[in-house]
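> below is the sequence, then the predicted model.
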Amino acid sequence: MSTTTTGSAGKVKVAKPTVASHVSDYIGRVRGGDIGSLAAVLGLIVLTLIFGVARPDTFFSTLNFANLFAQGAAVVFIAMGLVFVLLLGEIDLSAGYTSGVAGAVMAVLLTTHGWAWPSAILVSLVTGLVIGFTLGFLVSKVGIPSFVVTLAAFLAFQGVLLVLLGGGTNISIQNEFVLSLANDNLSVFWSWVLAVVIIAGFAGAQLIRVRGRAARGLVHDPLGIVLGRIVGVAVIVLVATAILCQERAINPAINSLKGIPIVVPILVVFAVIWTFVLSRTTYGRHVYAVGGNAEAARRAGIPVDRIRISVFVIGSFMAAVGGIIAASRASSVDPRSGGSNVLLYAVAAAVIGGTSLFGGKGRIVDAILGGAVIAVIDNGMGLMNLSAGSKYIFTGVVLLLAAGVDALSRRRAAATGNR
């Protein structure tokens, strides 16, 4: 815990934080109900150990490790957008089918109309923006609850998808660039370059933040903690890159598989952008303020309606990104695209990662961690040849536990005055 002292000149000086005080503060926050992503991290470790022990030859293989990224990417992209919506205590039940509609728009333009991939992808993304603006306008300006608006959209977009696909046609995607997004890999050289860039970028951001806060006389994390974070991230990135750069093809002579999946740098770019938006911009502070107390935010001069519209725009935009990635991985689009368990998994990813269903608490990293948990569950249970019903039951139990932890932590935080 940091302390302040008063010098001879009457100036207030902030005592330098120590590793011990930082750890003590963190333990105090956890006891007070602020557990953040701790539950998701612990759950991810436990699940990895369980499936690793149950299927050691397949679960820990390099091929399966790379497959986890492709398997969970679309859900993570959609969950990133849902984090913004959930931060306001709203919900978007149409995110799954929004991704399906966006993917179908791209596929139809590429295949039926012969458009080039940049134009087709751009129109797909604009489709997501238009959908998000419409949903946000109905919620904020008309005053219809988000549950009702997005439930109606959930039903309507199934019909839109059928219309776009001619009633039930499966449209195959042949464009090499689009197919590469979720199915190809970076070269070994560029994989290591990406690893170095990620580590250097994270280290630079951490050190710049500490230096900036110290220069303004604000409390900052101890240098030991910061260096520990940097080393931890570096170890994870380097180990993951080393694994992914190994040959994982069953028959390397025909088709070599090495390197980081292309979808990973795409995910990193969006994660960095949205993390910066939420943590380092006025807009991000306004989102948290509206999610914490909309009336107080309105009285403080924050444009609540515009903030509410904007989060639905971001949510549907990221759903469109997820739809493009899903269409790339499947190499096609059909009437089931965006349906089935897509929405459930995306909401579960955000909540399991630590984003509160009550609004005001959440980060982009929550979507990534929660998405990793969902991908591990789906992948591990598949390797164990368990039925689809078992997957749904287990994922539902995990989601319920996450929501329960969220509710209990909020109650604990209110009781201890750490809300």
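Perfect, thanks for sending it.
> what about Val311, neighbour count?
Counted by other C-beta atoms under 10 Å, the residues lying close to Val311 total 28. Every residue, glycine included, has its C-beta placed from N, CA and C.
> now do the strands in the stretch 301-419 of the chain.
Secondary structure of the stretch 301-419 of the chain (DSSP state E, counting those that start in this stretch): strands located at 332-333.
> so where's it uncertain?
410, 413-419 (pLDDT under 70).
> need the contact list for the residue nearest the centre of the chain.
By C-alpha atoms, centre = their mean, the chain has its centre lying nearest to Ala367, at 2.8 Å. By C-beta atoms under 8 Å, 6 or more residues apart in numbering, Ala367 lies in contact with 76, 79-80, 82-83, 349-350, 353, 355.
> what of Asn185?
66, 191, 244, 257-262.
> tell me the domain boundaries of this protein?
Listed domain ranges for the chain are 56-184+261-387, 185-260 (source: automatic domain parsing).
> highest average neighbour count across those?
domain 56-184+261-387 (a mean of 21; mean count of other C-beta atoms under 10 Å).
> tell me who's in contact with Ser328.
Contacts of Ser328 by C-beta under 8 Å, 6+ apart are 173, 178-183.
> so which of the residues you listed comes closest to Arg329?
Nearest to Arg329, judged by C-beta to C-beta, of the contacts of Ser328 is Ala182 at 3.8 Å.
> run the chain-centre distance for the strand or helix carrying that closest one.
Taking DSSP states H and E as the definition, one finds Ala182 inside helix 176-183. Its chain's average C-alpha position is 21 Å from that of helix 176-183, according to C-alpha atoms, centre = their mean, to the nearest Å.
> tell me what that helix is packed against?
helix 62-87, helix 117-137, helix 263-280, helix 304-330 (3 or more C-beta pairs under 8 Å, 6 or more residues apart in numbering; DSSP states H and E).
> closest to Pro56 out of those?
Of the helices and strands packed on helix 176-183, nearest to Pro56 by C-beta to C-beta is helix 62-87, at 11.0 Å.
> rewinding a little: what's the helix holding Ala182 in contact with?
Looking at what lies outside helix 176-183 - C-beta under 8 Å, 6+ apart - the contacts are 70, 73-74, 106, 110, 117, 120-121, 173, 261-263, 266, 324-329, 331.
> so who does the nearest residue to Ala40 once chain neighbours are set aside touch?
Computed as C-beta to C-beta, 6 or more residues apart in numbering, the closest residue to Ala40 that is not its neighbour in sequence is Leu369, at 4.3 Å. Counting by C-beta under 8 Å, 6+ apart, Leu369 makes contact with 37, 40-41, 44, 352-354.
> in helices, which of the residues you listed appear?
Applying DSSP state H to the contacts of Leu369, the entries found in helices are 40-41, 44, 352-353.
> how about those residues in a markdown table, adding distance to Ser61?
Shown next, in a markdown table, are the ones in helices among the contacts of Leu369 (distance: C-beta to C-beta, whole Å):
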| residue | distance to Ser61 |
| --- | --- |
| Ala40 | 24 |
| Val41 | 23 |
| Leu44 | 18 |
| Ile352 | 25 |
| Gly353 | 26 |
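> which among the residues you listed gets closest to Gly132?
Gly353 (21.4 Å).
> list the contacts for that closest one?
37, 40, 79, 365-371, 373.
> for Ala289, state which of those is nearest.
For the contacts of Gly353, the nearest to Ala289 is Asp366 (18.7 Å; C-beta to C-beta).
> what sits closest to the closest one if chain neighbours are left out?
Gly353 (3.1 Å).
> same question, Ala327
Closest to Ala327 by C-beta to C-beta, 6+ apart is Gly103, at 3.8 Å.
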